[in-house]
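Have a look at this prediction, sequence included:
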Amino acid sequence: MTDHVTELLARPEDRPVDAARLHLHGVDHTARPTWKLRETVEFYRDKLGLPLVHAITAKGWGRATEQHADFIHFFFDAGHGATIAFFYYIGTQQPPELVVPRGFMAMANHTAWRVETEEELLAWHSKLEKAGVQVSQSVKHEILESIYFRDPNFYPLEITRSLRAIERIDSVDAELTMAASLDLADAGGWHSVEQLWRQKAQHVAALQRAAKAPQ
Amino acid sequence: MSGFYVLDVPEFGPVVSTARKLDRCHVHLPLAGYIFVQFDGEIEISRADTGLNEAVWFGCLTGGLDGKIVTFDSDCIRLGPTNEAILGEAR
């Protein structure tokens, strides 16, 4: 077993977090550039209804030597103290490397917002459809149920609800998955999830042997 | 001994209950959060029997596999024994 799993299992289940450890307290904001100012404001403020709560305008960051563009940095309230923010670099053209690529790999870079209930998720689906936004049907994937759509910049967005609480076994399982992945990552010849599942079986077998062994 | 491990959480429960009905499967008791489903020879699990959607189905062996995938598509998983090295050569 890895040290991480041993530590997880040693900790009482009703106190899953190490109080002495330095913590983060959720998302303050995430940010990305836009070259579609009007469409972005209309989408987030008017279609999604996220309040526009803050806007910074500045002459570069004072970084004359870097030729940093003048900009607007504006924030929409996404609930529970989190905002989604954009930079609009005045008078610039979008560099090709910042155009959102098509295909599944670029979808990995996405924002997922939380709602609490199935009714809320369905209400968001309906709201998006009525606003003319192309939105997926809801998908239940293990611990989450989600709908997916894009903003005018083609940035992928998700609204999701939790289907159950994350338990300690989920953390243990994640540690074993990553331990098996790291076993394979540097070995060469790793090309399939089947190999990962086979490698992981060895970690799970070790976990079960340790659970059976006399303490 | 071939088999696969199922994380003992609700979303993967249908895999275990489907395996219980298969002649060549023996479902072990949960231990340390995982249920080991032992099998002899080749087995086939039908997605229709599990009732799983594709998002969960295609990840349902995430607990670990002691064996090999013969086929794995949207409709069924066929698993069998293997002695092959995981990375394709002796390690």
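Looks like it arrived, so ask away.

Next to chain A, which bits of chain B? Give me the list.
Within reach of chain A by CB under 8 Å from any CB of the partner chain, chain B has these residues: B:4-5, B:7-11, B:31-34, B:36, B:53, B:55-56, B:59, B:61-69, B:86-89, B:91. Glycine gets a C-beta too; all of them are placed from N, C-alpha and C.

Please repeat the previous calculation with a cut-off of 7 Å.
Contact residues (CB under 7 Å from any CB of the partner chain) of chain B with chain A: B:5, B:7-11, B:31-34, B:53, B:55-56, B:59, B:61-66, B:69, B:86-88.

In stretch A:176-193, which residues are buried?
A:Leu176, A:Thr177, A:Ala179, A:Ala180, A:Asp183, A:Leu184, A:Trp190, A:Val193 (16 or more other CB atoms under 10 Å in any protein chain shown).

and the residue of chain B nearest chain A?
Chain A sits closest to B:Gly64 of chain B, with a gap of 3.3 Å, by CB to the nearest CB.

do you know how far that residue is from B:Tyr34?
According to CB to CB, to the nearest Å, B:Gly64 and B:Tyr34 sit 8 Å apart.

Overlap of the contact sets of those two?
A:Val204, B:Tyr5 (CB atoms under 7 Å, 6 or more residues apart in numbering or on different chains).

So which other helices or strands are in contact with the one helix or strand A:Arg198 maps to?
Applying DSSP states H and E as the criterion places A:Arg198 in helix A:193-212. Packing partners of helix A:193-212 (3 or more CB pairs under 7 Å, 6 or more residues apart in numbering or on different chains; DSSP states H and E): helix A:168-185, strand B:65-66.

just checking, what packs against the shortest one?
The one in question is strand B:65-66. helix A:193-212, strand B:2-7.

Compare these and give me the one nearest A:Lys59.
A:Lys59 lies closest, by CB to CB, to one member of those: helix A:193-212, at 50.0 Å.

picking that back up, want to throw the helices and strands packed on helix A:193-212 into CSV with distance to A:Gln199 and mean pLDDT?
Listed next are the helices and strands packed on helix A:193-212 as CSV, based on distance: least, CB to CB, whole Å; pLDDT from 0 to 100:
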stretch, distance to A:Gln199, mean pLDDT
helix A:168-185, 4, 96
strand B:65-66, 9, 98
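
Need phi/psi at A:Thr160.
phi -140, psi 160 (degrees, to the nearest 10).

who's in contact with it?
A:Ala112, A:Arg114, A:Leu144, A:Glu145, A:Ser146.

Now the helix holding A:Arg198: buried residues?
Buried residues in helix A:193-212 (16+ other CB under 10 Å): A:193-208.

Next: stretch A:45-59.
In stretch A:45-59, residues buried by neighbour count (16+ other CB under 10 Å) are A:Lys47, A:Leu48, A:Leu50.

Tell me which other helices or strands the lowest-mean-pLDDT helix or strand in chain B touches.
In chain B, the helix or strand scored least confidently by mean pLDDT, DSSP states H and E is helix B:54-57, which has a mean of 95. Using 3+ CB pairs under 7 Å, 6+ apart, the elements in contact with helix B:54-57 are strand A:139-141.

which residues sit against the strand it packs on?
Residues from elsewhere that reach strand A:139-141, judged by CB under 7 Å, 6+ apart: A:Glu145, A:Ser146, A:Leu163, B:Asn53, B:Ala55, B:Val56.

any idea how far the residue of chain B closest to chain A lies from A:Thr83?
40 Å.

the more surrounded of the two?
B:Gly64 (27 against 20; other CB atoms under 10 Å in any protein chain shown).

residues touching the residue in chain A that chain B sits nearest to, list them.
Of all residues in chain A, A:Ala201 sits closest to chain B, at 3.3 Å by CB to the nearest CB. Counting by CB under 7 Å, 6+ apart, A:Ala201 touches B:Tyr5, B:Gly64, B:Leu65, B:Asp66.

closest to B:Asp23 among the residues you listed?
B:Asp66 (19.1 Å).

Chain neighbours aside, what residue packs nearest to the closest one?
Nearest-residue entry for B:Asp66: A:Ala201, 4.5 Å, with adjacent residues in sequence omitted and distances by CB to CB, 6 or more residues apart in numbering or on different chains.

again with A:Gly60
A:His68 is the one closest to A:Gly60 (CB to CB, 6+ apart), at 3.7 Å.
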